[in-house]
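> here you go, sequence then predicted model.
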Number of protein chains: 4
Amino acid sequence: MNGDDDTVHLAGYTLPLSPSGRSALVPPPPWHFSGDVLAVEYLADPAAVRSFLPPGITPADPPGLAFAIFGDWQSCTDQGAELTDPVRSQYREFYVALAGQWEGDLVARCPFCWVDQDFSLVRGLIQGYPKKLGRIGITRLFDVGRATPGLLPGAVFGASLAGADRRLVEAEVTLRGPGEAPPLMSAPLVHTRLFPAWTPDGAPVEELVTGGSTDLTIANVWTGDATLSFFESPVDELALLRPVEVLRGYRFSFAETIVGGRLLSGTAR
Amino acid sequence: MNGDDDTVHLAGYTLPLSPSGRSALVPPPPWHFSGDVLAVEYLADPAAVRSFLPPGITPADPPGLAFAIFGDWQSCTDQGAELTDPVRSQYREFYVALAGQWEGDLVARCPFCWVDQDFSLVRGLIQGYPKKLGRIGITRLFDVGRATPGLLPGAVFGASLAGADRRLVEAEVTLRGPGEAPPLMSAPLVHTRLFPAWTPDGAPVEELVTGGSTDLTIANVWTGDATLSFFESPVDELALLRPVEVLRGYRFSFAETIVGGRLLSGTAR
Amino acid sequence: MNGDDDTVHLAGYTLPLSPSGRSALVPPPPWHFSGDVLAVEYLADPAAVRSFLPPGITPADPPGLAFAIFGDWQSCTDQGAELTDPVRSQYREFYVALAGQWEGDLVARCPFCWVDQDFSLVRGLIQGYPKKLGRIGITRLFDVGRATPGLLPGAVFGASLAGADRRLVEAEVTLRGPGEAPPLMSAPLVHTRLFPAWTPDGAPVEELVTGGSTDLTIANVWTGDATLSFFESPVDELALLRPVEVLRGYRFSFAETIVGGRLLSGTAR
Amino acid sequence: MNGDDDTVHLAGYTLPLSPSGRSALVPPPPWHFSGDVLAVEYLADPAAVRSFLPPGITPADPPGLAFAIFGDWQSCTDQGAELTDPVRSQYREFYVALAGQWEGDLVARCPFCWVDQDFSLVRGLIQGYPKKLGRIGITRLFDVGRATPGLLPGAVFGASLAGADRRLVEAEVTLRGPGEAPPLMSAPLVHTRLFPAWTPDGAPVEELVTGGSTDLTIANVWTGDATLSFFESPVDELALLRPVEVLRGYRFSFAETIVGGRLLSGTAR
């Protein structure tokens, strides 16, 4: 009987709980990621960037430095069973990374993030990624035919984001040649984990955390020219971080494994 | 400058945070709900039901009593601005409510829940609803024409749920006549709020909570015969709670306002 | 053996064909429709309207008269089996109706239309509705609670359309009182049916057709003030027909049965 | 004025028509395709296969030979503008190809096809592909990390199809080694183009057509073992063509350009 010595325990890293734990929307880490990224390095208004940094994170140099990142991802746990059921492993993502400093080191702060799958949304909230659902498109690279760019100088890749049925971002990257990996892509992310209280005597989870990425791999890096546009929306303030100057476009392959984070001594907001 | 006396504070009931707080996926309660419900009262395997109840909740009488609920919803905050931007206010939902007892009172426990919008998913996780994204269909009632059932004896309403691109539930309710509101629909839900820890020294949020629903209104209740089928899935264990006996179908209008919950003294799992 | 006297015939009103005919995306008419409509009567640039009328249709009076229509629909065939499998019967729609004259009578011409279901898209192409897929939102009316407008003076209903992940239309209607049905909603639609040729010696289907709607019912009509905005898009020229002056908003229930059309003597374009 | 000498002509390869022709859902061919394919060669019940062949197409040897094809595609017209707006160029597809003979040559007949974009659906109907909307997943190959199979012996790729919110197909291919291209993938497709009549005196388009594919390229072919399951559905008769014996799995890159077809002397059904 439940509540006695022979209780059936409810298991699960997240809800839904079940006796087996198998129904949970998100399984426990480590989580492995493989994908292709299209990204644009740019300068936003420095005051706007500063207004989105949590206490303790100071602006990086140059002020206003930011990165707009479109990712075409597959993710899985150690056994990799998700990979053969693509509805559970594939998703696309857009996020912005703002350059900041923490104790003298370059860090990245993500003010906005959209994905197109529930497991990624909740897995992101656990880490502090401020995810919403959106619709993301990223030009793909195929090996044959005329309906694909090549990894060649002059090739153009595009990307777009829609949130709440509004187009929020459009970007294009015109490749010029192989290049170096962008520093912001491997900088540690500093996230605010936030889970509201629900009872009068409860306190919200508010933690400033970082770390947790291992085996980070960036390969096949090409750089080039880029365009990037953010559009107004009544529900998303992404346009506050719109480009003042576009610096450079990137296309590369990316992989990492996420294993859990580390608490920073700062305050969450 | 950030971190100083003139800090720009980041605001938001949930992520994403922003200086204005306006970008948050979920605004703070109260949250108002209006909708139509199609539901099936049924008996599941009592041992299966028991295995999904948290410690402290004991089975109700009759054992195995459960309720499968399809909801066609609109929700908003006090100002109601979401109502005129339907992509931010409308969603459909399926969930199961298991009958249980807490200190002698009838309570409901929700083991599984699906919705089709991000704001509803995260708003649900805050309360302890174990939500995933799914695709939900519910026959609608219109005032004119031949492509609608009526509120008449013999009228048939159907509903379905798909999760992870698999059909998980099908139901039909054939109306017989006006009836009484189903007790499980107004029983307090006992939820487990769960937010995983992310840092080595952190502890997950695990709280057994209840309450928070006010101004609950059930109207236009019709009852009738019903069919209900749950289908197997490798990722969702809903079929463990499949009907052993179908008792009755319901269709009704429903409204409530959710304002926050109350901590129970029990343990979360 | 196939091709002989005992041939198995492939059946179907549309593709896919099968021996039973049951797999066809669209079953043969009659098709019954029930729904709720939010609509805005407005004036577009008369020259723009004229440029979207086919030969033989002349502008109505006042010039530029148009109607922007959001429909929340259920549809079915005679047996009504689709109604209990809502994924096969429910859809939402946005279209524009331009006022025109054919042999002295008021007719409506639909230059653009979006729906959110495949069966409705192809069923529309058969009639000459120029349908694409889009995402449509329309404020709903529920019987109870605070998350719904009422059928009351001052109540506000909103609607939106997104196509190709861009928001294309936003509208709001503020009810003032019960009113008369809008004439353009029952005017016969004059459609161009177009099916391209595929072989060198083939000719496209290009027919100017009308008619086919029976048992048209409009009920519960309320009128009021309205706003209406069309947005630019690189792939849809809807903004050419944007409002110069908004005349009036409507909300009403609508039903009809569509049975097949009638060829006009005009040319299709 | 419209209808006079200075008529504004309405242009468009398909609906919607507009003065510029730019709003058409499908632009005229040639259409270029690049993509990756996961496919399973199998034997269905020979009588079932025969019942889906149009008059004039006789069964191939071995009887019941069929091919289940999942495609991850990008498509564009000559200028390639769609490629940088991925919502207009990317789609996924599942279809079955039945082996048949036409005047002694191997041909392929497609009884069922699903895609996830409107432009592909209508472009397919023009050619005679019996397309519906579905949700298709196909394991992807990335260059780095642990969340991807490799092009290696033992690597497993999965795929799935859902239609009308029901899972219809699941497949897995376990690679064994590089192999030869599957003959059915380059066999000419014999399609039935079908566009219903709409007026009492009209006749439907019913044409048996073939051809139109040029510059067909198949590369990077790997073969291996496979599993393939078709599931029952009340609206799709795909399960009639379910595997009796699974022969072989394939993964390869594919490209072609489609330019228009050729009328066969047979009857369409």
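Noted; the coordinates are in hand.

> every contact and neighbour count from this point should use C-alpha atoms.
Will do.

> show me the contacts for A:Gly64.
Going by Cα atoms under 8 Å, 6 or more residues apart in numbering or on different chains, A:Gly64 touches A:Leu43, A:Ala44, A:Asp45, A:Pro46, A:Ala47, A:Ala48, A:Val49, A:Arg50, A:Leu98, A:Ala99.

> A helix includes A:Leu125, no?
Yes - counting by DSSP: H, G, I helix; E, B strand; the rest coil, A:Leu125 is part of a helix.

> hmm, it is touching A:Lys131, no?
Yes - A:Leu125 is within contact range of A:Lys131, at 6.6 Å (criterion: Cα atoms under 8 Å).

> shared neighbours, the two?
B:Leu15.

> the more surrounded of these two?
A:Lys131 (28 against 22; other Cα atoms under 10 Å in any protein chain shown).

> the spatially closest residue to A:Glu180 that is not a sequence neighbour: what's it in contact with?
Take A:Glu180 and drop its neighbours on the chain: the residue closest to it by Cα to Cα, 6 or more residues apart in numbering or on different chains is A:Val221, 6.3 Å away. By Cα under 8 Å, 6+ apart, the contact set of A:Val221 is A:Pro178, A:Gly179, A:Glu180, A:Ala181, A:Tyr250, A:Arg251, A:Phe252, A:Ser253.

> any idea how far chain B is from the first one?
To chain B, A:Pro178 is 35 Å away according to Cα to the nearest Cα, to the nearest Å.

> please name the bridge partners of that residue.
Using DSSP bridges, the bridge partners assigned to A:Pro178 are A:Trp222.

> identify all contacting residues around the lowest-mean-pLDDT helix or strand in chain A.
In chain A, the helix or strand scored least confidently by mean pLDDT, DSSP states H and E is helix A:183-186, which has a mean of 93. With Cα under 8 Å, 6+ apart as the contact definition, helix A:183-186 has outside contacts at A:Phe67, A:Ala97, A:Ala99, A:Leu106, A:Val107, A:Ala108, A:Leu216.

> just to revisit the earlier point, which of the contacts of A:Gly64 are buried?
A:Leu43, A:Ala44, A:Asp45, A:Pro46, A:Val49, A:Arg50, A:Leu98, A:Ala99 (16 or more other Cα atoms under 10 Å in any protein chain shown).

> quick one: which of these is nearest A:Gly158?
Using Cα to Cα, A:Leu43 comes nearest to A:Gly158 of the buried ones among the contacts of A:Gly64, at 19.5 Å.

> and chain B, is the strand or helix carrying the closest one touching that?
A:Leu43 is part of strand A:31-44 when elements are defined by DSSP states H and E. No - applying Cα under 8 Å from any Cα of the partner chain, one finds strand A:31-44 separated from chain B by no less than 13.1 Å.

> coming back round to it: quick one: whichever helix or strand comes after the least confident helix or strand of chain A to strand B:190-195, angle?
Next along the chain after helix A:183-186, taking DSSP H and E as the criterion, comes strand A:190-195. Counting by axes from the mean of the first three to the mean of the last three Cα atoms, to 10 degrees, strand A:190-195 lies at 170 degrees to strand B:190-195.

> now, among the buried ones among the contacts of A:Gly64, which is nearest to chain C?
A:Ala44 (23.7 Å; Cα to the nearest Cα).

> need the contact list for that closest one.
Going by Cα under 8 Å, 6+ apart, A:Ala44 touches A:Gly64, A:Leu65, A:Ala66, A:Leu241, A:Arg242, A:Pro243, A:Val244, A:Glu245.

> kindly report the same for A:Gly249.
A:Leu38, A:Ala39, A:Val40, A:Glu41, A:Glu172, A:Val173, A:Thr174, A:Leu175, A:Thr223, A:Gly224, A:Asp225, A:Ala226.

> for these, give me CSV that also has pLDDT and neighbour count.
As requested, these are exported to CSV (pLDDT from 0 to 100; neighbours: other Cα atoms under 10 Å in any protein chain shown):
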residue, pLDDT, neighbour count
A:Leu38, 98, 26
A:Ala39, 98, 29
A:Val40, 98, 28
A:Glu41, 98, 25
A:Glu172, 98, 25
A:Val173, 98, 26
A:Thr174, 98, 22
A:Leu175, 98, 25
A:Thr223, 98, 25
A:Gly224, 98, 22
A:Asp225, 98, 17
A:Ala226, 98, 22
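
> which one of those residues sits closest to chain C?
Nearest to chain C among the contacts of A:Gly249, with distances taken as Cα to the nearest Cα, is A:Glu172, at 15.3 Å.

> give me the element that closest one is part of.
Assigned by DSSP H and E, A:Glu172 falls in strand A:166-178.

> coming back round to it: okay, the contacts of A:Val221 in CSV with secondary structure, distance to C:Pro16 and pLDDT next?
Shown next, in CSV, are those (DSSP: H, G, I helix; E, B strand; the rest coil; distance: Cα to Cα, whole Å; pLDDT from 0 to 100):
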residue, secondary structure, distance to C:Pro16, pLDDT
A:Pro178, strand, 48, 98
A:Gly179, coil, 50, 98
A:Glu180, coil, 51, 97
A:Ala181, coil, 49, 96
A:Tyr250, strand, 44, 98
A:Arg251, strand, 41, 98
A:Phe252, strand, 41, 98
A:Ser253, strand, 40, 98
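
> could you list the low-pLDDT ranges of the stretch 101-250 of chain A?
Applying pLDDT under 70 to the stretch 101-250 of chain A flags no residue at all.

> and the contacts of A:Val221, which are buried?
Using 16+ other Cα under 10 Å, the buried ones in the contacts of A:Val221 are A:Pro178, A:Gly179, A:Ala181, A:Tyr250, A:Arg251, A:Phe252, A:Ser253.

> quick check: residues of the stretch 151-269 of chain A near chain B?
Near chain B, the residues belonging to the stretch 151-269 of chain A are A:164-165, A:194-200, A:209, A:235-237, A:260-263, A:269 when assessed by Cα under 8 Å from any Cα.

> select only the buried ones of those in PyMOL?
Buried subset of those, written as a PyMOL selection, criterion 16+ other Cα under 10 Å:
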select buried, chain A and resi 164+165+194+195+196+197+198+199+209+236+237+260+261+262+263+269
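
> for chain C, tell me which of the residues of the stretch 151-269 of chain A next to chain B show up nearby.
Within those, those near chain C by Cα under 8 Å from any Cα are A:Asp165.

> show me the residues of the stretch 151-269 of chain A next to chain B that map onto strands.
A:Leu194, A:Phe195, A:Val209, A:Arg262, A:Leu263 (DSSP state E).

> chain B: which of those residues is nearest?
Set against chain B, the nearest of these by Cα to the nearest Cα is A:Arg262 (4.9 Å).

> name the nearest residue to the closest one, ignoring sequence neighbours.
That would be B:Thr199: by Cα to Cα, 6+ apart, it lies 4.9 Å from A:Arg262.

> what does A:Arg146 give?
D:His32 (5.9 Å).

> ok, how many other residues are close to A:Asp85?
Summarising burial for A:Asp85: neighbours were counted as other Cα under 10 Å, giving 21.
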